[in-house]
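Asks: Just the structure for this:
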Amino acid sequence: MSGHSKWATIRRKKEKTDAARGRVFTRLIKEISVAARMGGGDAEGNPRLRTAVAAAKAANMPAANIDKAIKKGTGELPGVVYEEITYEAYAPGGVALLIKTLTDSKNRTVSEIRHIVTKRGGNLAETGSVSYMFERKGLITVDPKGLSEDSIMEIALDAGAEDLRSDEDSFDIITEPNDFERVRTAVEKSPLGIESAEISMVPTAYIPVEGENAKKLMKLLEDLEEHDDVQNIYGNFDIDEASIEEEE
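Replies: Here you go, the predicted structure:
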């Protein structure tokens, strides 16, 4: 996929600004609180919380913020109770989107998400009409640190990974959800640098998007990304790097 990007790659580039970093912290705090509420405040015994805390540390979130978010989730401190809702949508170019949200007002969120999607030339879809195009997988994005693709493949497979995919200057290690923790631990001990690690929704196939549809898609993704309730966006698009640069 040289010369092309998926949303995870685009997102990492855009998160370098201060405003974007602020949104990253907000998303991570919500995820930590929900993970702690659902599985308890012990990260060692709560894989979802461990993943969220690792992501927060990678984003340089202060330890005090992480601890406070955990305590809000477990009820030791007062906090908002969020509901997890994933919306399915079609975007310009026939792209399928899964929009994961955490909200304290379902009616407000669905109305605002529908408005954003419609305004940018897409439409919300019925439950199940998009999700079948994705598989729940562990996704570990690594910096090769000068290692060859063969060496990275060996590390990944020895750790129990299912697949390795190249994406510009980084690599995606794909795992079964049940193998995610074990593979991540093994990769952490390897020479590779982990850029992100999460249980993700990985498309079974990608749709090339270019030209006007690429511009519309980028604007839709950016609007969704700026919404306070949106935690993550998964899409089955493969967009040309030149289209991204035109928007910057």
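Asks: Helix, strand, or coil at E126?
Replies: Assigned state for E126: coil (three-state reduction, DSSP: H, G, I helix; E, B strand; the rest coil).
Asks: Give me the mean pLDDT for the top helix by length along the chain.
Replies: Ranked by residue count under DSSP state H, the longest helix found in the chain is helix 18-39. For helix 18-39, the mean per-residue pLDDT is 85.
Asks: buried ones in that helix?
Replies: Using 16 or more other C-beta atoms under 10 Å as the burial criterion, the residues of helix 18-39 that qualify are 23-25, 27-37, 39. In this view, the C-beta of every residue, glycine as well, is placed from N, C-alpha and C.
Asks: If you count contacts, what does it end up packed against?
Replies: helix 47-58, helix 63-74, strand 95-103, strand 230-235 (3 or more C-beta pairs under 8 Å, 6 or more residues apart in numbering; DSSP states H and E).
Asks: Let me see the domain layout of the chain.
Replies: The record assigns the chain these domain ranges, following automatic domain parsing: 4-74, 83-132+205-247, 133-203.
Asks: And those, which one averages the lowest pLDDT?
Replies: For the domains of the chain, mean pLDDT drops lowest on domain 4-74, to a mean of 83.
Asks: Show me how far the longest helix of the chain is from its chain's centre.
Replies: The offset between the C-alpha centroid of helix 18-39 and the centroid of the whole chain comes to 12 Å, using C-alpha atoms, centre = their mean, to the nearest Å.
Asks: Show me what that helix is in contact with.
Replies: The contact list for helix 18-39, computed with C-beta atoms under 8 Å, 6 or more residues apart in numbering, reads 14-15, 45-49, 51-53, 55-56, 59, 61, 65-66, 69-75, 79-82, 84, 102, 225-226, 228, 230-232.
Asks: Now, of those residues, which are buried?
Replies: By the neighbour-count criterion of 16+ other C-beta under 10 Å, these include these buried positions: 46-49, 51-53, 55-56, 61, 66, 69-74, 79, 82, 102, 225, 230-232.
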